[in-house]
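Undergrad: got a predicted model here, sequence first, then my questions.
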Number of protein chains: 2
Amino acid sequence: MTTQPPAADGRGVSLIDVARLAGVSTQTVSRVTNGSPKVAAGTRDAVLAAMDSLGYRPNSAARALRRGSFRTIGVIVYDLASYGNTRSIDALAEAAAHRGYSIVLNPVRSTSESDISTAFTHLDEKSVDGILVIRDEHIHLENSTQIPSATPVVILDSAAPGDRPAVDADQRGGARQAVEHLLDLGHPTVHMVGGPTTSHSAAEREAEWERLLRAAGRDVPPVVRGDWSAASGYEAGRTLAADPAVSAVFSANDQMAVGLLRALHEAGRRVPDDVSVVGFDDIDESGWLWPPLTTVRQRFDESGRVAVLKLFEAIESGRREGSFESVPTELVVRGSTGPYRPRG
Amino acid sequence: MTTQPPAADGRGVSLIDVARLAGVSTQTVSRVTNGSPKVAAGTRDAVLAAMDSLGYRPNSAARALRRGSFRTIGVIVYDLASYGNTRSIDALAEAAAHRGYSIVLNPVRSTSESDISTAFTHLDEKSVDGILVIRDEHIHLENSTQIPSATPVVILDSAAPGDRPAVDADQRGGARQAVEHLLDLGHPTVHMVGGPTTSHSAAEREAEWERLLRAAGRDVPPVVRGDWSAASGYEAGRTLAADPAVSAVFSANDQMAVGLLRALHEAGRRVPDDVSVVGFDDIDESGWLWPPLTTVRQRFDESGRVAVLKLFEAIESGRREGSFESVPTELVVRGSTGPYRPRG
DNA sequence: TGAGGCCATGTTAACGTCAACACATCCGAT
DNA sequence: ATCGGATGTGTTGACGTTAACATGGCCTCA
């Protein structure tokens, strides 16, 4: 029952100790820990008993050295503190743990080549079995000779260059849900608060928004651009609030929508009576803002899960090229959107 | 310039290859990688050149096996998706990376003994050099024989049992800043939206709130309790909005304050004219809510940094007992608080 | 001029695990 | 009786690195 203190001597208990106590060879002990069928029941029990009384734990460093794999996947993430990324990582870590893998976290500050290379090098040294890159910008892996060709890489949150496997939310589909919802409510057109130009998802959302407006023969007003922050949403909101033609706004994320709502309030434009607002992400607060925010929910956890599965697939199959997988979004209608009412 | 593909054969390049190419012994190469001073400049250059042309990367599994340390610290976190924890982890990872350590992430779902034990066991097998536990509840490490006594543990976010080193924001000080701010504004008393009873920080904030009210000879109204979520804040807000005596509310976190604001809006109680609200945390959105939220800012990044430093200290000194460190908070006054105005 | 010491380098062995092979049994089929 | 083939177990060596010790050359100082 493992209540023993971990052996008087400072060092850990090894296969040898267990083998000695059980009166077998180390190889037999190894077979037991790895669940080999070629062990007699009696022997197995004796070994298990010995392991238990000694409090034996396999040493994964030795294991890793021996088999070249550490049962570990490296995660390179550019903005750990963002809502979605955290969600994805949480789900991803669980999925990985479920398979007996651990996560080595590697937050990267800047986009610079050298930072990325360093991260890859670092992970390579750790003998990770695969690498997951969470990144909403276009990634130049081409230059990264740092990635040993043997290590599979999956990109999360962005289209991947070349033929690498990638996972992303269905940005286009989500934007479509948002824009169609607003058009269905009778709004003559939809204004857009866009994300930063470097962002892949921002570009996708905008492209789809524009495509739909054109397809419906509506005006395509200029994009008011933010940087994802609530502060930038507020700025955008001040601009939009000043324009009486604005009756519906699609914000590329919820945080900017928060600032947007405040700007509209301050300008005396009521939501949703005067202006309807749709966000993107469905962060925790969205449903409890005033008014509660209609938004496009991303299944971040699902993305994380899918990404790990793809990675395992690559690890196991040894294949390096891969397909793109898109995770569906869902429109959540709340109080911030309503039917179009001409000014009067 | 490492543009070479990593050697035609599948396996990695080892010390032996480098040594052979440079015409020295493996030990000398090892000394170079570890920056030993006892290497002649000429030899060092030759070795570096060889490493470079071969694209050599040290194998950390072998290293770990040899020296029993993996230059890795394990992080056990109970709620990865929470704003503060993410911030802390981000800062902590950077501080660790700075010292050449990596982070193994170990999110834990439940509080159950077995879950915790599993996490510890898992990390122990990974030969981590230290463990950081991020947890806002009281932790029963006593029962965890799983922790090898050799591995230092630092607790972040909570008082630690026994004499283990711990780091936490100055919960009491933060609560004091909030309550004193409201009393200074002339409010006869301060109502409180509390966090879950299991939470350490919630308890601290409440205790201080109560202490201050008593010290000032004010009424101590019953705590309206939430679970940190905006949804629960909304519920709490409905209760408080119905009570005309409520003129100032201290919410144990910002998320609940979001829901609280909405409930007050809906009930027609204006903020800050009728009711002042103070939150805790200073999440990204707080400054852009309507009205912008006065709140107590936690320096999550600082907490993370301090925790790693403490851990390194423990790793290096070998000492296991440790002190408690508290990270100061800061009151951020915004639009949600104003002077007391008797109803009328 | 020789003793002592420092310096740069090499040699050996070991960290804990597991794959590959070798070797006993024991079984049933010829 | 003999052989082929399971079945369970032991032996050997290697994964890549580094600590500990060994060596040989050169410098300094008495």
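TA: Received the coordinates, thanks.
Undergrad: okay, strands next: where are they in chain A?
TA: A:72-77, A:102-107, A:130-134, A:153-156, A:166-169, A:191-194, A:224-225, A:248-251, A:276-281, A:294-297, A:324-327, A:330-332 (DSSP state E).
Undergrad: could you chop chain A up by domain?
TA: A:15-58, A:70-166+A:300-327, A:171-298 (automatic domain parsing).
Undergrad: pick the most deeply packed of these.
TA: Sort those by mean neighbour count, taking mean count of other C-beta atoms under 10 Å in any protein chain shown, and domain A:171-298 sits at the top with a mean of 22. C-beta coordinates here come from the backbone N, C-alpha and C atoms, glycine included.
Undergrad: how long is it from one end to the other?
TA: One end of domain A:171-298 to the other measures 9 Å (C-alpha to C-alpha, to the nearest Å).
Undergrad: isn't A:T28 up against A:A46?
TA: No. Using C-beta atoms under 8 Å, A:T28 makes no contact with A:A46, being 9.4 Å away.
Undergrad: what do those two both touch?
TA: Here A:T28 and A:A46 share the contacting residues A:A22, scored by C-beta atoms under 8 Å, 6 or more residues apart in numbering or on different chains.
Undergrad: who touches the residue nearest in space to the middle of chain A in this structure?
TA: By C-alpha atoms, centre = their mean, chain A has its centre lying nearest to A:S88, at 3.5 Å. Under the criterion of C-beta under 8 Å, 6+ apart, the neighbours of A:S88 are A:I134, A:L156, A:D157, A:F300, A:D301, A:S303, A:G304, A:A307.
Undergrad: separation between the nearest residue to it once chain neighbours are set aside and B:K310?
TA: The shortest distance from A:S88 to any non-neighbouring residue, by C-beta to C-beta, 6 or more residues apart in numbering or on different chains, is to A:G304 (3.6 Å). According to C-beta to C-beta, to the nearest Å, A:G304 stands 30 Å off from B:K310.
Undergrad: who's in contact with A:Q171?
TA: A:H200, A:S201, A:E204, A:R205, A:E208.
Undergrad: which members of the residues you listed occur in helices, if any?
TA: For those, the ones inside helices are A:H200, A:S201, A:E204, A:R205, A:E208, with DSSP state H as the criterion.
Undergrad: residues contacting the third one?
TA: Applying C-beta under 8 Å, 6+ apart, one finds that A:E204 lies in contact with A:Q171, A:R172, A:A175.
Undergrad: what of the first one?
TA: By C-beta under 8 Å, 6+ apart, the contact list for A:H200 reads A:D136, A:E137, A:H138, A:D157, A:S158, A:A159, A:D168, A:Q171.
Undergrad: pretty sure the second one sits against A:S199.
TA: Yes. Under the contact definition of C-beta under 8 Å, A:E137 touches A:S199, with a separation of 6.2 Å.
Undergrad: excluding its backbone neighbours, what's nearest A:A216?
TA: Spatially, and ignoring its direct neighbours in sequence, A:A216 is nearest to A:L183 (6.1 Å; C-beta to C-beta, 6+ apart).
Undergrad: the one you found and B:R164: what is the separation?
TA: For A:L183 relative to B:R164 (C-beta to C-beta), the value is 59 Å.
Undergrad: how about A:L264?
TA: Counting by C-beta to C-beta - A:L264 and B:R164 are separated by 50 Å.
Undergrad: quick one: name the residues of chain A near DNA strand C.
TA: When proximity is defined by C-beta under 7 Å from any atom of the strand, chain A lies next to DNA strand C at A:11-12, A:14-16, A:26-27, A:30, A:33-34, A:58-59, A:62-63, A:65-67.
Undergrad: cutoff 6 Å now
TA: A:11-12, A:14-15, A:26-27, A:30, A:33-34, A:58-59, A:62-63, A:65-67 (C-beta under 6 Å from any atom of the strand).
Undergrad: return the subset of the contacts of A:S88 lying in helices.
TA: A:F300, A:D301, A:S303, A:G304, A:A307.
Undergrad: let me see the contact set for the residue lying closest to the second one once chain neighbours are set aside.
TA: With C-beta to C-beta, 6+ apart as the measure, A:A91 is the residue that lies nearest to A:D301, at 3.6 Å, once sequence neighbours are left out. Contacts for A:A91 were tallied using C-beta under 8 Å, 6+ apart; they are A:F300, A:D301, A:E302, A:S303, A:G304, A:R305.
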